[in-house]
Every structure is written in structure tokens, then in C-alpha cells.
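Sequence first, predicted coordinates after that:
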Amino acid sequence: MTAEPPEIEIRAARPADAEAIAAMQCLPGFRHGTLRPPFVSPEAIRRWLEAPSDGHNLLAFAGAQLVGSIALNRLAGRRAHAGGIGMGVHDAWVSRRIGTRLMAAALDIADKWMGLQRLELTVWTDNVPAIALYRRCGFQAEGTHRAYALRDGTLVDAFAMARIMAPPTPA
């Protein structure tokens, strides 16, 4: 069992965090687990953070070090009851409950502040630790996307997973 870090602060991302986010997203393990391309620029991250959105970008810090991120975005139109999640953890902080803490913060926002009834994500079929985390958080696999994306020169599969909340009962 890996030791849990002493203190983790979770807060909203700021444009000033762009450099740290870009550096984390360029780490080989982080990139391997996400759809991020190599060599993302801090300027691109800054533009993304400054763009209007109906979502939340949260960061996890251990002291001054960025150790993980999660994005929660509401979908539009007739899918406004649903949201999408994307998450990643710094290579040096994997298996230290960073993902669990980020997911708990995002689920709290989705459930208590955004009123989302459905949350969706995709995860590589070989990412066993992430799949276990998502299942613990109530996500279920809904299907498999075959040859979903190119990763390290190979087309890989991904699971479509979702967490559906029961609609509130009228009083």
C-alpha cells in the first residue's frame, strides 16, 4: 500500500497555472493515459483556461507542486443534463489517491452544484487502476470503442463509461 500524501489542495485552475499544466501534460505517463498530444504549449493551455465554458477545471497540489487535474464540462442542448470528465495524474504521484480526491471534488460539483444526471468518460481498456477508480465512483462500462485513438503509434480501444444519477423525486 502506498503512503497517502500529507496535504493535497484542490482548487480551480487559473491562467497563471498554464506552465505547470503544460509540463504535467507532457509527462510520458500522463500523456499515455489521456488523449493529450506531446509538446503542448503553455500558451495553448492558457487560451483553453481563458475560454468561456460551462465547466470546471480543478487542479490538485501537494504544496506548490501540481500533481493532478480533472475537467468537468456540461454538455449542450438536449444533453444539458449530462457532463463529461477528463482526468490525469502526475507521473510521480500515481497510486497516491490523487485521482480519488479529484474525482470526489468533481462528483460533488456535478451532483450538488450543477445538477447533472449523467456523467461520461472514456478510458483505455488497459488502464486497470483508472477503471477500478471509476467503478468505485459508480461508473459502469456502456461499451467499447474499437480502435478509438492512436497511442504511441498503435490504435487502442477505450471503454465508454457513465454514471447515472436517479432523478429527484417530486415532493
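Here it is on my side, so go on. Numbering: from 1, shown residues only.

which regions of the chain lie under the pLDDT threshold?
1-6, 166-171 (pLDDT under 70).

For it, which residue occupies the most central location?
Nearest to the mean C-alpha position of the chain, by Cα atoms, centre = their mean, lies M87 at 1.9 Å.

so what's it up against?
G68, S69, I70, A71, G99, L102, M103, A106, L121, A130 (Cβ atoms under 8 Å, 6 or more residues apart in numbering). Every C-beta, even on glycine, is put in place using the N, C-alpha and C of the backbone.

same thing but 10 Å
The contact partners of M87, by Cβ atoms under 10 Å, 6 or more residues apart in numbering, come to 33-34, 58, 60, 68-72, 98-99, 102-103, 106, 121, 123, 130, 133-134.

Just the ones of those in helices?
Using DSSP state H, I98, G99, L102, M103, A106, A130, L133, Y134 are the members of those that sit in helices.

got the contact list for the first one?
It stands for I98. 4-5, 8, 10, 60, 62, 67-70, 87-90 are the contacts of I98 under Cβ under 10 Å, 6+ apart.

swap in the fifth one?
Under the criterion of Cβ under 10 Å, 6+ apart, the contact list for A106 reads 10, 55-58, 70-72, 83, 85-87, 114, 119, 137.

Ok, Y134 next?
85, 87, 99, 103, 119, 121, 123, 127, 140-141, 159, 161-163.

Which parts of the protein are strands?
Ranges of strands within the chain are 9-12, 55-62, 65-74, 82-89, 118-124, 140-151, 154-164, based on DSSP state E.
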